[in-house]
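1. Test case, fold it:
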Amino acid sequence: MTVKLGTVLASSCLLWLGAMEVRPPVAAMEVTESHPMRLSRRRRASELLEEGERHIMRGEVLEAVALYNEADALSLHGEVGAQSWNLLCWYGSLWGEAEAVLEACDRAVELAPDNIEIRDSRGLARALVGDFEGAIADFRVFVEQTDHEGRRFQRQNWIEMLEADENPFTPSVLRMLFID
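-> Okay, here's the model as predicted:
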């Protein structure tokens, strides 16, 4: 009798499961060719990062920030490294969007705190958002460790101006930094 009861129970479960209508999750059905944001979720983090880098070089900073953040969220192997965040930090600042990229600057420093180029980039962003003390601290690290005399002199001059509560980043200086 135990065998028959178990067989009946198993048969009932199979009938019940067979009667259920199996539907894919709603989110899976919503991914369409006509919606680019949903398509981007299916791309790899490295592709999003490359696209973000193209946007930042064209001055499309907010678009680049969104792509970098999405790449970081999808990244399984740390594809968004310190140098990538630094690129976003430096060029985002030069394009006039320092506030939008300050988090990227901090992420770059977190990942590579001893990299003086990254500290230099964050110093620029900090100065542009009015955090002169933070900028001075970053530029001092650069000045103390760089072997490049011309850049050392320039950053030392920036430190002195920032200490005097003057902003050294005129439009002409910022244009010059695009090639630095």
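2. C-alpha from now on. contacts and neighbour counts both.
-> OK.
3. residues making contact with the strand or helix carrying residue 133?
-> Residue 133 is part of helix 132-145 when elements are defined by DSSP states H and E. By C-alpha atoms under 8 Å, 6 or more residues apart in numbering, the residues outside helix 132-145 that reach it are 116-117, 119-120, 122-127, 152-153, 155-156, 159, 162-163, 165.
4. and if we set it to 7 Å?
-> Under the contact criterion C-alpha atoms under 7 Å, 6 or more residues apart in numbering, helix 132-145 has outside partners 116, 119-120, 122-124, 126-127, 152, 155-156, 159, 162.
5. next one: stretch 147-164
-> So stretch 147-164 is contacted by 132, 136, 139, 143, 146, 167-168 (C-alpha under 7 Å, 6+ apart).
6. Repeat the analysis, applying 10 Å as the threshold.
-> 120, 123-124, 127, 130-133, 135-140, 142-146, 165-169, 180 (C-alpha atoms under 10 Å, 6 or more residues apart in numbering).
7. Quick one, which of those residues are buried?
-> 120, 123-124, 127, 132-133, 135-136, 138-140, 142-143, 168-169 (16 or more other C-alpha atoms under 10 Å).
8. For residue 151, give its distance to residue 133.
-> 20 Å (C-alpha to C-alpha, to the nearest Å).
9. go on, residue 150?
-> Residue 150 is 23 Å from residue 133, where distance means C-alpha to C-alpha.
10. Now do the helices in this protein.
-> 2-19, 26-30, 36-40, 45-57, 61-74, 82-94, 98-111, 116-128, 132-145, 149-163, 171-177 (DSSP state H).
11. Residue 100: neighbouring residues, count only.
-> For residue 100, the number of neighbouring residues by other C-alpha atoms under 10 Å comes to 18.
12. Spatially, what comes nearest to it if we skip its sequence neighbours?
-> Closest residue in space to residue 100, ignoring its immediate chain neighbours: residue 62 at 7.1 Å, by C-alpha to C-alpha, 6 or more residues apart in numbering.
13. Quick check on residue 165: phi, psi?
-> Per-residue torsions, residue 165: phi 60, psi 30 (degrees, to the nearest 10).
14. List the contacts of it.
-> 130, 132-133, 159.
15. Check residue 89 too.
-> 56, 61, 65, 83, 97-108, 118, 121-125 are the contacts of residue 89 under C-alpha under 10 Å, 6+ apart.
16. how does it look with 6 Å?
-> When contacts are counted by C-alpha atoms under 6 Å, 6 or more residues apart in numbering, residue 89 touches 101, 104-105.
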